[in-house]
Structure formats: C-alpha cells, structure tokens
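Engineer: sequence and computational prediction follow.
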Amino acid sequence: MPSGRGLVVFGAGLGMWLVARLLGSPALAVVGLGFAFLPFAAALFARWGRQRVVVTRRLSDIRVNPGTRVAVELSVENRSHAATSFLMVEDRLPAALGRPARLVLTGVPGRGVQRVHYTLVPQSRGRYRIGPLAVDISDPFALTRLRLEFDDRDDLIVTPELEDLQSAPDSPFGSNVGLSRARNLFRTGEEFYTMRQYQQGDDLRRIHWPSVARSGDLMIRQDESSRRSNTLLFADTRMSSIGQAHSVPFERVVSATASIGVLMARSGFALKLATADAPPVAVTEEAFLDALTGIDHSKARTIGPALSRLRSGSGADTTLVVVGAPPVATELTSLIRTGSAFGPKLAVLIYPADPESLPPERQAQLEGRASQARLSLSRSGWDVLVLPPSARLKDVWHTTRVHRPVASASSR
C-alpha cells in the first residue's frame, strides 16, 4: 500500500499533469506523469523483493523462572544481490509480556544477514506463544509500504517460582534420601523389575544401554529392591478455598508445591502430583513443573472427592505433602483420615488473604482456623507450616518438625 509520502507524490504528479494540459506544455505533462507513476514503480520494486527477505527468531532459553531476563534475537537475511531499504520488524507478544517488539533496520546488504535483539522479563508463570513475525518493506524513496508475515512462533515456558529449600537452614532432605528408603521384596537386587527414564541422582551404572540405543533416551534398569520411595504432592487449587489463578495466595500455593516437589525429586524421591480436579499421576521433575506451569483454579466446592482419589496413591513408604489454605473443621477431619494411610506427612497451610489486612473479626476467625488445623494435624503425626501469602516458604522451612518423618523413614 502507498505510504503518506507516496500519496503526496502521486497527487503532486497528477496535479502537475493537469496544469500542463491547461498550459499546453508537453514537457511538464511528461514530468507530471513520471511523478504520478513513481509510487506504482516503487510498489513493483517492493513486491519484487518480498520473497528475498527471511526473518528467523532465537530465544536464549525456552524454560525460565519468573523474573528471568530472556534475550530474543531476530535474524534478517537478504537473499538478493541488492541492499534493502529501511525495514521495520515487528514481533508480536502476548499481552502478559507487553507490547509487540518493533525494531528498525537501516538496511541489509545484499546476500547479508543483520541481527537485532530485544529482551523479555516475564513476571508470572504460564506458557506464552511468541510470534508471528511481520516485516514492513519499503522502496528506497519510502513511497510505498509492504507488510510480510512470517508464521514463525516459539513457545516460552515460565515455570512457577522456585525457592531453594535445599540451602535453607536445617534443611531436612539430603542427597539420595529417597533412594535409601527401599522395599526389599526380592531376595537379590539382580532380579529385573522394570525400566524407567533417567532422573538426576540415579546410579549411572544402572543405565540400560540397549534401551538407550533404541529410544535415544537414557533408561535406568530398576530392580524392585532399589525402587524409589514416592512423594505425593496435593495442591488444593479450589477457588472457593484459595482464590483464583494468578492471585497472590494461589500463586504462593503453586510456588510452594513446585519448590517442595523439586527438592524431593532431587533428593531421590519419585513424584506424584494431584490437584482438586486431577487424580495422582506419576511425573518426572520436568513434567511436574510443566503441569504446575499451566495449572488453573478448580471450581470444586468440597475437598472430599479429591481426598478420596489420594488414597489410590497411599502407602506406608509414601510421603504426603498437602499445600493449600487452612481447612475448615469438616475438611480437617477428612484430611486426617486420608493421611493415616501414608507415611511421613507435611502440610503447608497458606492464608487465602494476609491476616493483617483483614478486619479484626475476620482476622481472628482465619487465624483461629489455622491454629486449630495446626494443632489437630500435629497431634495426628503431621508436620505443619503456616504462612501468609506474602511470606516466603524458605524463611519458615527450618521451623517445622519435618526432621522426624525423614528420620523415621530411614529407620524402616
């Protein structure tokens, strides 16, 4: 399409031609026709070069934590022999990442490549689709503008915020703790049981190379005598309990679940994840973070059905971790009953609102519910942490009696 300058030139040429006809000046008429034709010639030039420009994108990382700076590189290749004129490259972004990135190139030499960069700083978890790309091409006189679309898209995965609990004071979990909690159901450890994908901390001597050659993935030969102990993490994602997705309390629940799960996985435990809508599912560390990246609030009103599904993953050698808002009295009874089928148990109770911001009556009610839950769960063998949504789990991680479950598990 013609630019503003192109319209002005076309109008000036047409006007000059009309004046020349009135004055009877053939030379001036030819000049006017030349001016009027110039924008059309510029459009043909731009169309001729449209197939000779290629734009590609590269991200510095496709999986990041919130607040991490991501560098985006755009490479503009000119496949013609002639240099291009000014180019404006536009990379479309989701609204959560800001406005589309617009960058101007002064011109790409013939058979050359020019690279431009911009940065992103995602602040909240989620899956973001970056793209498509668009390039505005013009002629050397900027009389016309042609937009090229490139359906080049990249996914950026922003995982939940992870807190380094391993370096917290008196961290209870050491390396390969989960591997030390084994059930010796076979007489010898040489009897073949199954295979699974390699996870961080596995003994490299147990890699099954024939399976690696077939699948291309590292596979571990796992005997029953060396099976990992399990950790079942339950995130109470009910909107009626903790609020909507991306609210501060909800995101604190997701962050705490992710932080504890990563700690347990890197300590040697196999992970299972359950939510208010989903039953327990065995996941790797990467799949665990991917599931929490896209998690949304649940519209379920009661926690009963979710707790019933948890029993399918129960076992004396399974650690249960529950993260959610302080339960009401009826939910508390069901939670204690469900926990009796597990081994070590940890509850992280997060206030659905900062108590300091509530009216006195509401504050007393909420804190009373949390105190009752802490007392009842502790008497039933749970380790309990209570924190407001503005607090960090790392700051209170060492205050729990969570040493006891691991110690008792190691003595089995």
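Structural biologist: Arrived safely.

Engineer: can you pull the pLDDT of E286?
Structural biologist: For E286, the pLDDT comes out at 93.

Engineer: now swap in V53 and tell me
Structural biologist: Among the per-residue scores, V53 holds a pLDDT of 83.

Engineer: number of residues surrounding it?
Structural biologist: By other C-beta atoms under 10 Å, the residues close to V53 number 19. Quick note: C-beta positions are derived from backbone N, CA and C, even for glycine.

Engineer: residues contacting it?
Structural biologist: Contacts for V53 were tallied using C-beta atoms under 8 Å, 6 or more residues apart in numbering; they are V76, E77, N78, R79, T84, L87, V108, V135, I137, L148.

Engineer: over to it: give its phi and psi.
Structural biologist: Torsion angles at V53 (phi, psi; degrees, to the nearest 10) stand at phi -120, psi 130.

Engineer: if I look at it, how far off is V348?
Structural biologist: According to C-beta to C-beta, to the nearest Å, V53 and V348 sit 53 Å apart.

Engineer: helix or strand with the lowest mean pLDDT in this protein?
Structural biologist: None of the helices or strands of the chain scores lower by mean pLDDT, DSSP states H and E than helix 403-410, at a mean of 38.

Engineer: sorry, back to before: which one of the contacts of V53 is nearest R196?
Structural biologist: E77 (43.7 Å; C-beta to C-beta).

Engineer: tell me, how many residues neighbour the closest one?
Structural biologist: Residues contacting E77 under the criterion other C-beta under 10 Å number 15.

Engineer: that one belongs to a strand?
Structural biologist: Yes: according to DSSP: H, G, I helix; E, B strand; the rest coil, the state of E77 is that of a strand.

Engineer: need the contact list for it.
Structural biologist: With contact set as C-beta under 8 Å, 6+ apart, E77 has these partners: V53, V54, V55, T56, V108, G112, V113.

Engineer: which one of the residues you listed is nearest W397?
Structural biologist: Taking C-beta to C-beta as the measure, T56 is the one of the contacts of E77 closest to W397, at 44.0 Å.

Engineer: and the closest one, how far is that from A83?
Structural biologist: From T56 over to A83 the distance is 20 Å, taken as C-beta to C-beta.

Engineer: now swap in P344 and tell me
Structural biologist: Using C-beta to C-beta, P344 is found at 68 Å from A83.

Engineer: which residues in the stretch 1-150 of the chain form helices?
Structural biologist: Ranges of helices within the stretch 1-150 of the chain are 4-23, 26-48, based on DSSP state H, counting those that start in this stretch.

Engineer: worst mean pLDDT among these?
Structural biologist: Mean pLDDT is lowest for helix 26-48 among the helices of the stretch 1-150 of the chain, at a mean of 68.

Engineer: returning to that earlier point: which of the contacts of E77 lies closest to A265?
Structural biologist: Within these, the smallest distance to A265 is 35.0 Å, found for T56 (C-beta to C-beta).

Engineer: per-residue pLDDT, the nearest residue in space to that closest one that is not next to it in sequence?
Structural biologist: Of all residues not flanking T56 in the chain, S75 sits nearest, at 4.9 Å (C-beta to C-beta, 6 or more residues apart in numbering). S75 carries a pLDDT value of 94.

Engineer: ok, now A270?
Structural biologist: Looking at A270, its pLDDT reads 91.

Engineer: my guess is it contacts L232, does it?
Structural biologist: No: assessed by C-beta atoms under 8 Å, A270 is found out of contact with L232, at 9.8 Å.

Engineer: low pLDDT regions in the stretch 51-200 of the chain?
Structural biologist: Within the stretch 51-200 of the chain, the ranges that satisfy pLDDT under 70 run 51, 138-144, 167-194, 200.

Engineer: the same query, at a cut-off of 50, please.
Structural biologist: Residues of the stretch 51-200 of the chain meeting the criterion pLDDT under 50: 169-192.

Engineer: can you give me the strands for it?
Structural biologist: Taking DSSP state E, counting those that start in this stretch, the strands of the stretch 51-200 of the chain run over residues 53-59, 63-64, 70-78, 87-91, 101-105, 113-120, 126-130, 133-138, 145-150, 154-158, 192-197.

Engineer: of all those strands, which one comes closest to S247?
Structural biologist: Judging the strands of the stretch 51-200 of the chain by C-beta to C-beta, what sits closest to S247 is strand 126-130, at 14.1 Å.

Engineer: could I get the closest one in CSV with only the CA atoms?
Structural biologist: What follows is strand 126-130, C-alpha atoms only, in CSV (Å, rounded to 0.1, in the frame of the first residue of the first chain):
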residue,chain,number,x,y,z
GLY,A,126,2.5,-19.7,32.1
ARG,A,127,3.0,-20.8,28.5
TYR,A,128,3.5,-17.9,26.1
ARG,A,129,3.4,-18.1,22.3
ILE,A,130,5.7,-15.6,20.8
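
Engineer: that strand versus strand 53-59: what angle between them?
Structural biologist: Using axes from the mean of the first three to the mean of the last three C-alpha atoms, to 10 degrees, the inter-axis angle of strand 126-130 relative to strand 53-59 is 160 degrees.
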